[in-house]
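Engineer: with the sequence up front, the predicted model follows.
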Amino acid sequence: MNTGLILLIVTVATALFFDFLNGFHDAANSIATVVSTRVLSPKLAVAWAAFFNFAAAFLLGTAVAHTIGRGMIRLDYVTQYVVIAALAGAIVWDLLTWWWGLPTSSSHALIGGYAGAAMARAALKEGARSAFSVIIPGGWTKTLVFIVVAPVIGLVLALLFSIILYWAFRRNSPSQVDHWFRRLQLFSAAAYSLGHGGNDAQKTMGSVAGALYTAGYINAKEMAGNWGRYHWPIILAANAAIALGTYSGGWRIVRTMGSKITKLKPFGGFCAESAGAITLFGTALAGIPVSTTHTITGAIVGVGAVHRLSAVRWGVARRIVWAWILTIPASAAVAAAVFWIIRCFYAAA
């Protein structure tokens, strides 16, 4: 087995491990509301979410994957080592925030890692001034804008759904409302899990496609199109990895998402998940890599705020926002450091 093939296997394995961690870390996004409202037990909830994470492979296309694969970093600066360093930066940040119990964005950790590793390579090869030349502004602009826009959309939709449904069910008793929304929340949880799998798994697809391109298994035309004969293997592997990660759970973050931001009932869980699902469907089809974490957090805040602003625990929300702000630079710094270490041992990296 030649060295190039071994390196490709290591890169793809690292990408799928990141995808697994993404599902593990973001399991809270898919199941926190349905667990906190006690509609499903934790075991049933993760199985439900994992199934629909995988089903997204057949429904939401690959537009986000193409944005990650060729729309954010200039491909001529991407090597297998850059991809490995990028994934390492994202993995380290994911593990740290999992340990701290913070629902940060695996997606933004990945793009931060890509930027850090590619900028480090450019700086080491051509000087520090060339570092920012690796960035494709168009891809970054919409991604950075949607760091703010996605949670706001989730918040506004959840707020509107809550107001409309409160009015629609105003004549029903609380027990009747609870009865209906316990059943409806199964569908909203499924829809949100589809959106989660459809958006987040695609970021790993883009990484795997990038690794195959740098190894010469995909040409430029295939990279811009449907990845040739690797199309379905890439899609199925990425969705299977994120589904397995979701099934493994991430209970530290479930507690934060499901109970620390605001108290949820089935009615609120339905509104939050429905708002999050609609946001994720739209951005996935538009090819915009958004954070599923940011989206559902905004939606949960929207549900809490419909009662009164004091129903939202703003201290917890503030910690989460700070983690969001730090995600891209922190993962970029780790990825740059990893690439520098790799370069010390492999000058050709």
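Structural biologist: That came in fine, so what should we check first?

Engineer: CA atoms for contacts and neighbours, from now on please.
Structural biologist: Fine.

Engineer: surely residue 235 meets residue 206?
Structural biologist: No: assessed by Cα atoms under 8 Å, residue 235 is found out of contact with residue 206, at 9.7 Å.

Engineer: which residues are in contact with residue 122?
Structural biologist: For residue 122, the contacting residues are 77, 128, 130, 131, 133, 134, taking Cα atoms under 8 Å, 6 or more residues apart in numbering as the criterion.

Engineer: the fourth one falls within a helix, correct?
Structural biologist: Yes: applying DSSP: H, G, I helix; E, B strand; the rest coil, one finds residue 131 inside a helix.

Engineer: for the buried ones among the contacts of residue 122, write the corresponding ChimeraX selection.
Structural biologist: Applying 16 or more other Cα atoms under 10 Å to these leaves a buried subset, and the ChimeraX line that selects it is:
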select :77,131,134
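
Engineer: determine which two of the contacts of residue 122 are furthest apart.
Structural biologist: In the contacts of residue 122, two members sit farther apart than any others by Cα to Cα. They are 77 and 128, at 14.2 Å.

Engineer: quick one: average pLDDT of stretch 10-29?
Structural biologist: For stretch 10-29, the mean per-residue pLDDT is 82.

Engineer: the helix or strand hosting residue 180 - what's its average pLDDT?
Structural biologist: Residue 180 is part of helix 174-214, with elements assigned from DSSP states H and E. Predicted confidence along helix 174-214 averages 87 (mean pLDDT).

Engineer: and for stretch 145-164?
Structural biologist: Averaged across stretch 145-164, the pLDDT comes to 90.

Engineer: in that stretch, which residues are buried?
Structural biologist: With burial defined by 16+ other Cα under 10 Å, the residues of stretch 145-164 counted as buried are 146-147, 149-162.

Engineer: with stretch 51-61 instead?
Structural biologist: Burial within stretch 51-61, assessed by neighbour count using 16+ other Cα under 10 Å, is assigned to 51, 52, 53, 54, 55, 56, 57, 60, 61.

Engineer: possible to save those as TSV with secondary structure?
Structural biologist: Written out in TSV, the entries for those read as follows (three-state DSSP):
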residue	secondary structure
51	helix
52	helix
53	helix
54	helix
55	helix
56	helix
57	helix
60	coil
61	coil
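
Engineer: that older thread, tell me which helix or strand comes right after the helix holding residue 180.
Structural biologist: Beyond helix 174-214 toward the C-terminal end (DSSP H and E), the next one is helix 220-224.

Engineer: next SSE after that following helix?
Structural biologist: In the C-terminal direction, the helix or strand that comes right after helix 220-224 (DSSP H and E) is helix 231-248.

Engineer: tell me which residues of that next one come out buried.
Structural biologist: Judged by neighbour count using 16+ other Cα under 10 Å, the buried positions of helix 231-248 are 231, 234-248.

Engineer: show the average pLDDT along it.
Structural biologist: For helix 231-248, the mean per-residue pLDDT is 90.

Engineer: ok, now stretch 83-101?
Structural biologist: In this model, stretch 83-101 has an average pLDDT of 84.

Engineer: ok now it, how far from the chain's centre?
Structural biologist: Centre-to-centre, stretch 83-101 and its host chain are 13 Å apart (Cα atoms, centre = their mean, to the nearest Å).

Engineer: and if you look at stretch 65-76?
Structural biologist: On the basis of Cα atoms, centre = their mean, stretch 65-76 sits 17 Å off its chain's mean C-alpha point.

Engineer: show the average pLDDT along that stretch.
Structural biologist: What stretch 65-76 shows for mean pLDDT is 81.

Engineer: also stretch 40-49?
Structural biologist: The average pLDDT within stretch 40-49 is 78.

Engineer: which parts of that stretch are buried?
Structural biologist: If you call a residue buried by 16+ other Cα under 10 Å, then stretch 40-49 has these buried ones: 40, 42, 45, 46, 47, 48, 49.

Engineer: from memory the first one sits against residue 34, does it?
Structural biologist: Yes: counting by Cα under 8 Å, a contact exists between residue 40 and residue 34, whose distance comes to 6.1 Å.

Engineer: and the helices in the protein?
Structural biologist: Using DSSP state H, the helices found in the chain span residues 3-36, 42-55, 63-70, 80-100, 106-126, 137-168, 174-214, 220-224, 231-248, 251-255, 266-286, 292-305, 314-345.

Engineer: pick the most buried one from these.
Structural biologist: Sort those by mean neighbour count, taking mean count of other Cα atoms under 10 Å, and helix 292-305 sits at the top with a mean of 28.

Engineer: can I get that helix in PDB, CA atoms only?
Structural biologist: What follows is helix 292-305, C-alpha atoms only, in PDB (Å, rounded to 0.1, in the frame of the first residue of the first chain):
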ATOM      1  CA  THR A 292     -27.700  23.600  14.100                       C
ATOM      2  CA  THR A 293     -26.800  24.400  17.700                       C
ATOM      3  CA  HIS A 294     -27.200  28.100  17.200                       C
ATOM      4  CA  THR A 295     -30.500  27.600  15.400                       C
ATOM      5  CA  ILE A 296     -32.200  25.400  18.100                       C
ATOM      6  CA  THR A 297     -30.800  27.600  20.900                       C
ATOM      7  CA  GLY A 298     -32.400  30.600  19.300                       C
ATOM      8  CA  ALA A 299     -35.700  28.700  18.900                       C
ATOM      9  CA  ILE A 300     -35.600  27.600  22.600                       C
ATOM     10  CA  VAL A 301     -35.000  31.200  23.700                       C
ATOM     11  CA  GLY A 302     -37.900  32.300  21.500                       C
ATOM     12  CA  VAL A 303     -40.200  29.800  23.200                       C
ATOM     13  CA  GLY A 304     -39.100  31.000  26.600                       C
ATOM     14  CA  ALA A 305     -39.500  34.700  25.800                       C
END
